[in-house]
Each structure stands twice: as structure tokens, then as C-alpha cells.
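Chemist: Below: sequence and its predicted model.
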Amino acid sequence: MIGSQEIRRRGLMLVLSSPSGAGKTTISRRLLALDPNLSLSISVTTRPPRAAESDGVDYRFVSPEKFDAMVAADAFLEHARVFGHCYGTPRQAVEDHLAAGRDVLFDIDWQGTQQLYGRAQADLVTIFILPPSIAELERRLYSRAQDSDEVVRQRMAKAADEMSHWAEYGYIIVNEDMDQSLAKVQAILTAERLRRERRIGLSDFVESLRSQSSDR
């Protein structure tokens, strides 16, 4: 007999996008810590690692030549060039997770999201995170102390263009309070996991219920 918690389900691809500093990375990390069925898609990048980053944990760091070879081999679900560096999502690891019923979290920009739509729209759940104000966005960028003043200015200049793509996403969250924003993302994830088309074992479960009913 199939229990209601054992209904087979195809995994989903949860995409969080935002302008730099709006909070998607913090939300992603907290969500991953709380949800054992959610795995982070480890992107490949040509940029050098930051002080606290580890290869294979935060990113896979590769040379531009290696990245180009992976593009040529169609090894990416999506790839883009951002602030002078290349980023890409390896295809095979994601497909293996989805087939096993595990969900995959993507911390990517609108360009990557558009590419994913072209390859895996049925598996996608997309959320765009907006800052409560431009002043708060700038404050967050400076407060994290990861980038030079010049890089912060570049990120602020790009923010308006990034935010113009908000309407391409299924869900929009204004990140005024991190705890509330996290709870909203969790609610979206719970609902999307229950979508009929993702629960590929529902047919077997319903047939088992019908069989039990006819045996009475």
C-alpha cells in the first residue's frame, strides 16, 4: 500500500533571482539549512574564489578555457557572463536530482532564468526578490564589505536593468524582513511540491485507494 507521504514526485527547480544585495543569497542559505530535500545547484565560474569560498561547495572554479570547452560540449543548462566572469549550471547533476525526486535551488540572474525556461519550463518555479528601496539596496551592498566601491557602483548601476525583468517571474517578494521573506519562499515551495503534475505517483496512489474501496 502506498502512504500519502510516499507518493513519487519529480523534483523541481527553484530559482531565486534579484539584484545584488537584495537578499537572495541569504535566503538561499537559510532555506538550504532548513530543508533536507533541497540541494544547491553548484555553478561553474571563471571568477576567482572569494576568501570564504571553497571549490565544489560554493562554486566550481575553472579556467576560461575549461568553461568554453563545457559550453561547446553542451554541458550547461544555462550560462552567462556577469561582471566580466562566466557562470554556468551543469546539466547532468540537476537532471539526476530531479529524476530522484529531489529539488534543486538556483541562485542565478534573469539571463540564466530565461535559458532555463527554454530547456526545462515545466520543472521551474521562479521567484524574484526585490529590495524595499534603492537606498536600502545600496546600504546592504556596502555593509557586506565584499566589494570595492567601484564594484558596488557597477552593481547599483545594473540593478535597474535587473529589476526590469521582474514580470518574467512567477512570484515576487519584496524583502523588507528576512524572516518573513524566508517564510514566503517556504510557502511557495510547499505549494509547488503538491502540484498534481509533479506528483508522478498519484495515479498509483489513487488506484490503490480505489482497490481498497472495492474490496470492502
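Modeler: Noted; the coordinates are in hand. Numbering: from 1, shown residues only.
Chemist: ok, residue 126 touching residue 17?
Modeler: Yes. Counting by Cβ atoms under 8 Å, residue 17 is a contact partner of residue 126 at 7.3 Å. To be clear about C-beta, it is placed using only N, CA and C from the backbone, and glycine gets the same treatment.
Chemist: Pretty sure residue 185 sits in a strand.
Modeler: No. For residue 185, which was evaluated using DSSP: H, G, I helix; E, B strand; the rest coil, the result is helix, with no strand membership.
Chemist: Give the buried residues for stretch 174-189.
Modeler: Buried residues in stretch 174-189, counting neighbours by 16 or more other Cβ atoms under 10 Å, are found at 175, 181-182, 184-185, 188-189.
Chemist: Could you export the residues you listed as a markdown table, including pLDDT?
Modeler: Formatted as a markdown table, the entries for these read as follows, by pLDDT from 0 to 100:
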| residue | pLDDT |
| --- | --- |
| 175 | 94 |
| 181 | 97 |
| 182 | 97 |
| 184 | 98 |
| 185 | 98 |
| 188 | 98 |
| 189 | 98 |
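Chemist: List just the nearest of the residues you listed to residue 169.
Modeler: Looking at those and their distance to residue 169, the nearest is residue 188, at 11.1 Å (Cβ to Cβ).
Chemist: Quick one: list the elements packing against the strand or helix carrying the closest one.
Modeler: If you go by DSSP states H and E, residue 188 is part of helix 178-193. In terms of contact count using 3 or more Cβ pairs under 8 Å, 6 or more residues apart in numbering; DSSP states H and E, helix 178-193 is assigned the packing partners strand 13-17, helix 24-34, strand 124-130, strand 171-174.
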